[in-house]
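Participant: quick check, what structure comes out for this input:
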Amino acid sequence: MPAPMVPPIAARQHIPASPNQPPSSAQAPTPADGKKKVIQVKPPIIVRDFAKSIDVKPFRLISELMDMGIFASMNQSIEENVATRIAERHGFELDIRHRGEQQQQQLAAAAAKREMARQIQDDIKNYVERPPIVCILGHVDHGKTTLLDTIRNTNVVAGEAGGITQHTAAYQVEYNGKKITFLDTPGHAAFSKMRERGANVTDIAILVVAADDGFMPQTDEALAFAQKAGVPVVVAINKMDSRGANIDRVKQQMQKRGIAPEDWGGETLCTPISALKNENIDKLLELVLLQAEMMELKANPKGRVEGVIIESQIEPGRGATSTVIVNSGTLKNGDVLICGENWCKVRALLDDKNKRLDKAPPSTPAVVMGWSGAPEAGDEFKKVENDRTARRMAEEAVQERKKLAAQEMAPKPTNLEELMAAIENKDQKVFKCIVKSDVSGTVEALVACLKDIKSDKVSLEVIGHGVGQITKNDVDFAATAGASIVAFNVKQENGVAGAAKHKGVEFITHNIIYELINQVRDAMKNLLDPELRENKLGAAEVRALFNIAKGGKVAGCMVTEGIIKRDKFARVFRKGKEISKGRISEIKRFKDDVTEVRAGYECGITLNNFADFEPSDIIECFEILEIRPDL
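Facilitator: Residues are numbered from 1 along each chain as shown. This is a model prediction of the structure:
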């Protein structure tokens, strides 16, 4: 049954909303056809004229500008980027026409259209079949990594700390003369962003569902990622040989979720398997290749080299490396690549078995060596002409980031509500941290988890993050900022521990992510002032009084409840009223000094500041506990 055509990865673009763009209470409705109305303006953009163009009162536009931290009168001009943001907020698309440019733009557009048509014709001739890129998704305990381990015929499961695949990687296998590229994405809840990224760069998703457990929340989350990305799903019902396996129940759950299996009248390819015993794995691979054949996956190996960063890390002796998937073109040794703020002259290409590659055609995973720094997982890379071009583009990206960071700085309170909120939060504790990890995808996941820690009493700020071992520069930065270093699965440079101890920088480290999150929570709690709580230990009734050599008195008592302890606090009650408070300085049993006496026993009690006991007085023993409040 033919599956719907899935657009190539490059066509699945998502443009996030600007972080600087606050929601508008006066946003204009978008037309029914989904297209925004285009308005043309020419610089300088005067406030009065611009307000008329977007159909708002000038004073309303001036108020919006003030909310953005911009103060302008009706006769003053505003920047083009500011006007663009405001126009979008009101449902318009701004077409800024610089004087004398309109004719040039029309000529350039016509030329570009002719060039694009020529390139499309050339590309169609060069398109060839490519291997499918397959993402394995599923619950953390449903055998996802065991399945990949069985397919690769290697043993990677035993090395996972806490049963979690710690980072995404890419591998390629061959079955019946056809190649299949696999992405392994972690199943643990902390790595939801990585699973979503995995779904967005693949053609087919294998959804692993345990035959005994059925669909779990993470299974539904993984299915949602695949459906959101428009990726067809092949369901592998794992653990078919386990006690309690119920394959029909899983198929019923599939039907309820709108992915009914073929043998139930649906369109979803599905097979029961046992990843542990290597049963029906060949059937699963056949279904993957069948799905790929229906999708007619093609790419141009002679086209422009482009691809996606799957993972990146900094390795001793290798420097910054990245695992990539090539989307188009053929990546070769010596190629110059640009990816955001980082560039690379490819020093070496390696496969997943650490063997050197001469080239990497479309859908091929490869480890690339030679990066200037660790690029962000999920970012796209492309080939450029030479080193000079790459350096210039990387520097431009750095400057653009700095510019955006300056624009995104929190504005000062501009109204009474914001001012009152700032006053209320001025005493809030702040936990600052620098995040380090072995690979970039895990840094991303860890930062997301930390930001999910909610507290009204302590705010958490990630002031920096990076890939690789903890360095002295990290310690210096943390000491200056008053921050802790939160590190996952990384080591330290020589001498770092001593420098951190000398400068009072705390390390919070672990190789299991949820344990690390718990340690951060504890560190945040330690910033809070403890609550003092009184805990009653016991009580004793004064039965007799004894004089001692120094002129004081010892209360001869019967312990009536709990326990009486030396050096703990005590209150003396007479006829129900408190008459004194002090500390128990001495307890005797007969002639022996003791540290405590329990209910039902007699003893002599001496307080440090009170001796005027009377028979029937009650001595209550208590302690003061320091309780760390919850976040």
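Participant: helix or strand with the lowest mean pLDDT in this protein?
Facilitator: The weakest-scoring helix or strand in the chain, judged by mean pLDDT, DSSP states H and E, is helix 416-424 (a mean of 50).
Participant: following that helix, which helix or strand shows up next?
Facilitator: As assigned by DSSP states H and E, the chain's next helix or strand after helix 416-424 is strand 429-437.
Participant: elements contacting that next one?
Facilitator: Strand 429-437 makes packing contacts with helix 440-451, strand 458-467, helix 472-481, strand 484-488, helix 513-525 when contacts are defined by 3 or more Cβ pairs under 8 Å, 6 or more residues apart in numbering; DSSP states H and E. For the C-beta atoms, the positions are set from N, CA and C on the backbone; glycine is no exception.
Participant: repeat that with 6 Å
Facilitator: Using 3 or more Cβ pairs under 6 Å, 6 or more residues apart in numbering; DSSP states H and E as the contact definition, the elements that strand 429-437 packs against are helix 440-451, strand 458-467, helix 472-481, strand 484-488.
Participant: Ala499: which of these is closest?
Facilitator: Put simply, out of the helices and strands packed on strand 429-437 the one that sits nearest Ala499 is helix 472-481, at 4.9 Å, with distance taken as Cβ to Cβ.
Participant: okay, buried residues for that closest one please.
Facilitator: Buried residues in helix 472-481, counting neighbours by 16 or more other Cβ atoms under 10 Å, are found at Asp474, Val475, Phe477, Ala478.
Participant: could you single out the nearest of the residues you listed to Asn511?
Facilitator: Taking Cβ to Cβ as the measure, Asn511 lies nearest Asp474 of those, at 18.2 Å.
Participant: ok, the closest one - contacts?
Facilitator: For Asp474, the contacting residues are Ile434, Ile485, by Cβ atoms under 6 Å, 6 or more residues apart in numbering.
Participant: any idea how far Ile463 is from it?
Facilitator: In this structure, Asp474 lies at 11 Å from Ile463, with Cβ to Cβ, to the nearest Å as the measure.
Participant: got it, and Ser437?
Facilitator: As defined by Cβ to Cβ, Ser437 lies at a distance of 16 Å from Ile463.
Participant: what's the end-to-end length of stretch 506-518?
Facilitator: Length of stretch 506-518, first residue to last, Cα to Cα, to the nearest Å: 15 Å.
Participant: in it, what counts as buried?
Facilitator: Residues of stretch 506-518 classed as buried by neighbour count (16+ other Cβ under 10 Å): Phe507, Ile508, Thr509, His510, Asn511, Ile512, Ile513, Leu516, Ile517.
Participant: look up phi and psi at the first one.
Facilitator: This means Phe507. Recorded main-chain torsions at Phe507 are phi -100, psi 130, according to degrees, to the nearest 10.
Participant: who's in contact with it?
Facilitator: Ile485.
Participant: per-residue pLDDT of it, please?
Facilitator: For Phe507, the pLDDT comes out at 93.
Participant: so where is the stretch 1-150 of the chain shaky, pLDDT-wise?
Facilitator: In the predicted model of the stretch 1-150 of the chain, residues 1-35, 98-123 satisfy pLDDT under 70.
Participant: can you show me the helices along it?
Facilitator: Secondary structure of the stretch 1-150 of the chain by DSSP state H, counting those that start in this stretch: the helices cover 47-53, 58-67, 80-89, 102-126, 144-152.
Participant: for the lengthiest strand in the chain, packing partners?
Facilitator: Under DSSP state E, the strand in the chain containing the largest number of residues is strand 531-547. The elements that strand 531-547 packs onto, with contact taken as 3+ Cβ pairs under 6 Å, 6+ apart, are strand 553-565, strand 618-627.
Participant: what residues sit buried inside the longest one?
Facilitator: Along strand 553-565, the positions that meet the burial threshold by neighbour count (16+ other Cβ under 10 Å) are Lys553, Val554, Ala555, Gly556, Cys557, Val559, Glu561, Gly562, Ile563, Ile564, Lys565.
Participant: contacts only, for the first one.
Facilitator: When you say that, I think you mean Lys553. Shown in contact with Lys553 (Cβ under 6 Å, 6+ apart): Leu545, Ala611.
Participant: now it: how far from Lys577?
Facilitator: When Cβ to Cβ is applied, the distance between Lys553 and Lys577 equals 20 Å.
Participant: go on, the third one?
Facilitator: Applying Cβ to Cβ, the value for Ala555 to Lys577 is 17 Å.
Participant: where does the stretch 501-631 of the chain dip in pLDDT?
Facilitator: Flagging of the stretch 501-631 of the chain using pLDDT under 70 yields the residue ranges 549-551.
Participant: let's see it at 80
Facilitator: For the stretch 501-631 of the chain, the stretches flagged by pLDDT under 80 are 548-552, 628, 631.
Participant: for the longest strand of the chain, buried residues please.
Facilitator: For strand 531-547, the buried set under the neighbour-count rule, 16+ other Cβ under 10 Å, comprises Leu537, Gly538, Ala539, Ala540, Val542, Leu545.
Participant: hey, what's the fifth one bridged with?
Facilitator: The partner list for Val542 in beta bridges (DSSP bridges) reads Cys557.
Participant: with Ile564 instead?
Facilitator: With DSSP bridges applied, Ile564 shows beta-bridge pairing to Val597.
Participant: got a list of what it touches?
Facilitator: Gly538, Ala540, Val597, Cys621.
Participant: closest to Met74 among those residues?
Facilitator: Nearest to Met74 among the contacts of Ile564: Cys621, at 76.6 Å, using Cβ to Cβ.
Participant: thought Gly538 was touching that closest one, still the case?
Facilitator: Yes. Look at Cys621 against Gly538 with Cβ atoms under 6 Å: they come within range, at 5.0 Å.
Participant: list the contacts for the nearest residue to Gly329 once chain neighbours are set aside?
Facilitator: Residue nearest to Gly329 in three dimensions, not counting chain neighbours: Val305, with 3.4 Å by Cβ to Cβ, 6 or more residues apart in numbering. Val305 makes contacts with Gly329, Leu331, Lys383, as judged by Cβ under 6 Å, 6+ apart.
Participant: nothing else from me, thank you.
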